[in-house]
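how would this look folded up:
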Amino acid sequence: MEEESSVFGFDAGNEDKFDSEKNAIFIIENKEEIQNKIKELGVILTEEYRDKNPVIVGVLKGVVLFYADMIREIKV
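Numbers count the residues shown, from 1 in each chain. Sure, this is the predicted structure:
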């Protein structure tokens, strides 16, 4: 069975495959930019998990508000 890469193109099981072209660090300066990125993630995750039942777990302190907004944008 072939391993699937993550949403951002980073295969957590093999750090040697990190593709800096697909992965970017960006600075978000205001609330509108945050909401736009959350909507982008919602679209990506909706496509990636269509016809599946994803389980979303937040492991970082303070992630609850971000995850709540992001989960609202996932249409599966």
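
tell me the mean pLDDT for the host helix or strand of residue 38?
Residue 38 is part of helix 31-48 when elements are defined by DSSP states H and E. The pLDDT scores in helix 31-48 average 92.

Just want the angle from the following helix or strand past it to helix 31-48.
Using DSSP H and E, the helix or strand that follows helix 31-48 in sequence is helix 64-73. On the basis of axes from the mean of the first three to the mean of the last three Cα atoms, to 10 degrees, helix 64-73 is oriented at 50 degrees to helix 31-48.

Other residues contacting helix 64-73?
Residues from elsewhere that reach helix 64-73 (Cβ atoms under 8 Å, 6 or more residues apart in numbering): 35, 38-39, 41-43, 45-46, 56, 58. To be clear about C-beta, it is placed using only N, CA and C from the backbone, and glycine gets the same treatment.

give me that answer again for 10 Å
By Cβ atoms under 10 Å, 6 or more residues apart in numbering, the residues outside helix 64-73 that reach it are 34-35, 37-46, 54, 56-58, 60, 63.

re the thing from before, mind listing what's buried in the helix holding residue 38?
Residues of helix 31-48 classed as buried by neighbour count (16 or more other Cβ atoms under 10 Å): 38, 41-42, 45.
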